[in-house]
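**Q** Using only what follows, build the 3D model:
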Amino acid sequence: MTSKNEQALAFALAAILLVVGVVCYAAFPQESPEEPVRIMFESNAGKILYDHKTHTADEGYGVACDDCHHEEQEDGSMSCSGEDCHGPESEPTRGDALHTNCKGCHEESGAGPVECAACHIM
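**A** Numbers count the residues shown, from 1 in each chain. All right, here's what the predicted structure looks like:
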């Protein structure tokens, strides 16, 4: 084969693999988890990346849902949207609730950061 033929074969193979990849990606979408894996909180003091999966998993910290999400719904499930429940006009604010739950738990258990810069990333 000449180098021109080899180059054409390489481009054709790359195009075929690209098409196969796109078709497979579209045909087999990944299912979203029931619970979020990570949550990014926005605040005036900087963004906070919260690893929800590590905190709630039994092999992680095993924190129960109702330790943070405290509003019982009609179906018996617990929820707290944060914004609606702890908005700027309500007491305690979302920041107050997060500091009490997160930082308070970290101080009590001795596990996890308690310094501002450990959670708040500018």
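**Q** Ignoring the adjacent residues along the chain, who's closest to the residue nearest the centre of the chain?
**A** The centre of the chain sits closest to residue 38, judged by Cα atoms, centre = their mean, with a distance of 1.5 Å. Leaving aside its chain neighbours, residue 38 sits nearest to residue 51 (5.5 Å; criterion: Cβ to Cβ, 6 or more residues apart in numbering). Placement of C-beta: from N, CA and C, glycine included.
**Q** State the number of residues packed around that neighbour.
**A** 14 (other Cβ atoms under 10 Å).
**Q** Can you report phi and psi for it?
**A** Here is the backbone geometry of residue 51 (degrees, to the nearest 10): phi -90, psi 90.
**Q** quick one: it and residue 40 touch, right?
**A** No: counting by Cβ atoms under 8 Å, residue 51 stays clear of residue 40, with 10.8 Å between them.
**Q** Now tell me which helix or strand of the protein has the poorest mean pLDDT.
**A** Lowest on mean pLDDT, DSSP states H and E among the helices and strands of the chain sits strand 78-79, with a mean of 63.
**Q** if we can go back for a sec, which ones are touching the residue nearest to the centre of the chain?
**A** Residue 38 makes contacts with 49, 50, 51, 52, 53, as judged by Cβ atoms under 8 Å, 6 or more residues apart in numbering.
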